[in-house]
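Colleague: Can you look at this prediction? I've put the sequence above it.
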Amino acid sequence: MLNSTILSYITFVYFGVFFLYLLMMLFAREILGRAATYVLIAGFAGHTVAITIRWVESYMLGIGHAPFSNLYESLIFFAWTIVLLYLIVEWRTKNRTMGAFVSPLAFLAMAYASFSPNINSSIQPLIPALKSNWLISHVITCFFGYAAFGLSFGLSLMYLIKRLDREGRGNIFLRLIPNPVILDELNYQMVVIGFLMLTLGIITGSVWAHSAWGSYWSWDPKETWSLITWLIYASVLHSRLVRGWKGKKIAVLCFVGFACVMFTYFGVNYLAGLHSYAKS
Amino acid sequence: MNKTTEKDKPNLPWQFFSSVRLTISLLIILAIASISGTVIPQQGQGAIEFARKLSPEMFRFLSFLDLFDMYHSLWFRILLGCLTFNIIICSVDRFPAAWKRFRAIPRPDRDKPFEDLPPLQAFLVKGKLKESADKVEQLFRSRYKKIQKKETADRYFFYGQKGRFSHFGVYLVHLSVVLILIGGLAGSFFGFEAYVNIVEGEEIDTVTLRKKMSPLKLDFGVRLDNFTVQFYENGAPKEYRSVLSFIVDGKTVEKKNVLVNHPVQFRGVTFYQSTYGKVPGKKVRLKIHRPASPLEITSLDVETRKSVPLPGKEGQFSVVKVSTNLMGMMGPAVLISVRPEQGDETSFWVFRDQEKILKRFPDLMSRNTKLNSSAFKPYTFFLDGLDAVFYTGLQVNRDPGVSIVWTGFFLIIAGFFVAFFSSHRKIWVRLIKSNGELDLSLAGTSNKNPVGLKRELEHLTENLKDLF
């Protein structure tokens, strides 16, 4: 199919973007960073077109549905949300250093989707359980949440790396990373967005489950893991807002949170449960 | 003095439950505890298989901790109860302070906000004091609430604010969490979760409760008029549809389609499409071979449990049992019982896939008369096919807590927006007459989002400059 061919090329574009951001960090050349942004925008445009084509192709096959119905489509969309959110943050903060930490996430998601032998990239018809208007809102909110937590993970990593920077150390890479206070603040904002989106994702999923499975909460592993993730980020917010934790502690908690996100997304597939259509 | 000592008196339980350290600990404990329930299969078939593989000690240990149904166990509920209690106490403990901040209106002529003012926020303008003050006031009133004004001979002070409801966002979120938990509790106390299988054409008025596996009688009847299943070309299921009639006092009151994602509610009870299957119907198609009879082979449709005369009139036979797949591997089969006029009753199984079975087990029939379709001489029975009818598997629930949970969902999102994206901004403007010019300065504080406040002050500065 045309869409999956384009998407597999986009994978390489994102790898190129990562490489450009990395070179920018190593040689402190503004031009490399600008090139990275332009290539990323071009890649993102292609990515958007490919998703649209996939959507249209599904209608041409007579089984039209939004391209959010299996692991392949969710990975493609995950990468798309990460890039979109990153581009917004880059534009708002006018800082490109985060690109070197976030673009690998988009690249890895695309590479996994395009090149894993276990993932089927063909367009499949919707099974009865997925035929619902809630599908689109559930998937969009969840993946924007995951993407925001992905950015928070990148920022936490930057925070911990930045701590290695010392006066007079002269490492360009470390020097270019913004100062920890800004990273910490931006990380907090990402956690807030992610938390809001995750909550919306859980709510839409819950309302949907109520009509599809007859119960808004059935302690299915994916539900439970999303709740675990929610609890971890709720504790991040409380420890920061009420107890005043900052910096390293928050960064470490965000690592734990993102590990939970990844388990909610992938790990749960190895446990039996109701969300089996997200496996392949 | 008296008051302070009373306040200082340590009230240990209150202190314990009003601490956010407890909240964070409970959140993390709940998160870790929840993991075990996703690793250990909960209830059902999976749990039984898992339990079989364990050593007896391990099994006893895990069942002592209720780990095979942990989300409904007492200890997990106590944890949830503690969290709820903690949320309530924390909120009650902190609410008065928030109320104070919500209500407080500072004096307009405070000097403190103007200390360390960024140079951009203070500038000189030309004009008369009174007129200028009026212009400033007009702009100020259009943007802010609770305007306070104070004037002296050579200066004017204004105070305005917005977003003071932002102090309540967190309480709205906490209230929502409590509502959701209450809704869940109400559902488990006053609702039920049950299931029922209905065969096409049949009517039921009793469902089976999932937890206790006991029957529950509904005050109306449900009949399955029709069940259809559609498949895509690739074999994946496309649609399951049950056409249900709801019957009260023998009359069909309503007729509705139940599909996956489209449940149907009748008298507060909701029906969900859950599974389906086939069961043998009433009729069985048989072929009977008798070498000496006028017609060597007789084909006939036989109703189960009904006596039918043998073609050669030696007696009666009937189909006693029907299986769609005998022993899970032998395929469709019927148990036939023959009662001759003389001699003993004989019964034996007849398989539809006789030839296949004989290939796998060549001496099966000669060894066991129970499995020999020629056991009653001189007849040989053949099974041509079973009549199969669909049954639909419905999930049947009543949950009066749902509307409370939905309210909680709605409020928690509203609460997030208030808590995270609104802030209580207090703005002061000061106009001082000095040397024929007017010294205009503005200052502000905000309970969160300092960047947003800075942007707003810059914007307001621009607008104030434009006035002159």
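Modeller: Right, received. Where do you want to start? Numbering: from 1, shown residues only, chains lettered A, B, ... in the order given.
Colleague: In contact with residue B:354, which residues?
Modeller: Contact analysis of residue B:354 by CB atoms under 8 Å, 6 or more residues apart in numbering or on different chains lists B:373, B:382-383. Just so you know, the C-beta spots here come from the backbone N, C-alpha and C atoms, and that holds for glycine as well.
Colleague: let's see it at 7 Å
Modeller: For residue B:354, the contact set (CB atoms under 7 Å, 6 or more residues apart in numbering or on different chains) comprises residue B:373.
Colleague: Can you pull up the most central residue in the chain?
Modeller: Here I'm looking at chain A. When CA atoms, centre = their mean is applied to chain A, the residue found nearest the centroid is residue A:147 (2.7 Å).
Colleague: Not quite, go with chain B.
Modeller: To find the centre residue of chain B, average its C-alpha atoms and take the closest one (CA atoms, centre = their mean): that gives residue B:402, at 9.1 Å.
Colleague: Grab the nearest non-local neighbour of the closest residue to chain B within the stretch 1-150 of chain A.
Modeller: Of all residues in the stretch 1-150 of chain A, residue A:128 sits closest to chain B, with a separation of 3.8 Å (CB to the nearest CB). Nearest-residue entry for residue A:128: residue B:260, 3.8 Å, with adjacent residues in sequence omitted and distances by CB to CB, 6 or more residues apart in numbering or on different chains.
Colleague: Enumerate the residues of chain A near chain B.
Modeller: A:124-125, A:127-129, A:131-132, A:192, A:196, A:199-200, A:203, A:210-212, A:214-216, A:219, A:221, A:224-225, A:227-228, A:231-232, A:234-235, A:238-239, A:242-243, A:271-272 (CB under 7 Å from any CB of the partner chain).
Colleague: quick check: domain ranges of chain A?
Modeller: The record, using automatic domain parsing to delimit domains, assigns chain A the ranges A:1-121, A:129-274.
Colleague: returning to that earlier point: okay, now the residue nearest to residue A:128: neighbour count?
Modeller: When counting by other CB atoms under 10 Å in any protein chain shown, one arrives at 21 neighbours for residue B:260.
Colleague: so who does the nearest residue to residue A:246 once chain neighbours are set aside touch?
Modeller: Nearest in space to residue A:246, with sequence neighbours left out and distances taken as CB to CB, 6+ apart, is residue A:184 at 5.6 Å. Counting by CB under 7 Å, 6+ apart, residue A:184 makes contact with A:159, A:246-247, A:250.
Colleague: ok, now residue A:134?
Modeller: The neighbours of residue A:134, taking CB under 7 Å, 6+ apart as the test, are A:204, A:207-208.
Colleague: In helices, which of these fall?
Modeller: When the contacts of residue A:134 are checked against helices (DSSP state H), the matches are A:204, A:207-208.
Colleague: For the residue nearest to residue A:246, what are phi and psi?
Modeller: Recorded main-chain torsions at residue A:184 are phi -60, psi -40, according to degrees, to the nearest 10.
Colleague: Go ahead and list the helix or strand containing residue B:392.
Modeller: Here residue B:392 sits within strand B:380-398, counting by DSSP states H and E.
Colleague: Which of the residues in that strand are classified as buried?
Modeller: When burial is assessed from 16 or more other CB atoms under 10 Å in any protein chain shown, strand B:380-398 yields the following buried residues: B:380-383, B:386, B:389-398.
Colleague: out of those residues, who's nearest chain A?
Modeller: Ranking the buried residues of strand B:380-398 by separation from chain A, with CB to the nearest CB as the measure, puts residue B:395 on top at 3.8 Å.
Colleague: coming back round to it: would you check which pair of the contacts of residue A:184 lies furthest apart?
Modeller: A:159 and A:246 (9.9 Å; CB to CB).
Colleague: which residues in the chain form helices?
Modeller: Using chain A. Counting by DSSP H, the helices of chain A are A:2-27, A:30-60, A:71-93, A:99-115, A:134-162, A:172-176, A:180-212, A:221-241, A:248-265.
Colleague: Wait, chain B was what I had in mind.
Modeller: Taking DSSP H as the criterion, chain B contains helices spanning B:2-8, B:12-17, B:20-39, B:44-52, B:56-64, B:74-103, B:129-143, B:169-190, B:354-360, B:364-367, B:402-421, B:450-467.
Colleague: Quick one: list the elements packing against the longest one.
Modeller: In terms of contacts (3 or more CB pairs under 7 Å, 6 or more residues apart in numbering or on different chains; DSSP states H and E), helix B:74-103 is packed against helix B:12-17, helix B:20-39, helix B:169-190.
Colleague: the inter-axis angle of that helix versus helix B:20-39?
Modeller: For helix B:74-103 against helix B:20-39, the angle by axes from the mean of the first three to the mean of the last three CA atoms, to 10 degrees is 140 degrees.
Colleague: where does residue B:242 land on pLDDT?
Modeller: Confidence per residue is given as pLDDT, and for residue B:242 that number is 93.
Colleague: Would you mind measuring the gap between the ends of stretch B:206-215?
Modeller: The straight-line separation of the ends of stretch B:206-215 (CA to CA, to the nearest Å) is 6 Å.
Colleague: Going by neighbour count, list what's buried in it.
Modeller: Judged by neighbour count using 16+ other CB under 10 Å, the buried positions of stretch B:206-215 are B:207, B:210.
Colleague: Using PDB, list the CA coordinates for the lowest-mean-pLDDT helix or strand in chain A.
Modeller: For chain A, scoring each helix and strand by mean pLDDT, DSSP states H and E identifies helix A:172-176 as the least confident one, at a mean of 85. Extracted C-alpha coordinates of helix A:172-176, given in PDB (Å, rounded to 0.1, in the frame of the first residue of the first chain):
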ATOM      1  CA  ILE A 172      29.500  22.100  24.000                       C
ATOM      2  CA  PHE A 173      26.800  19.400  24.200                       C
ATOM      3  CA  LEU A 174      26.200  20.000  27.900                       C
ATOM      4  CA  ARG A 175      26.500  23.700  27.600                       C
ATOM      5  CA  LEU A 176      23.800  23.900  24.900                       C
END
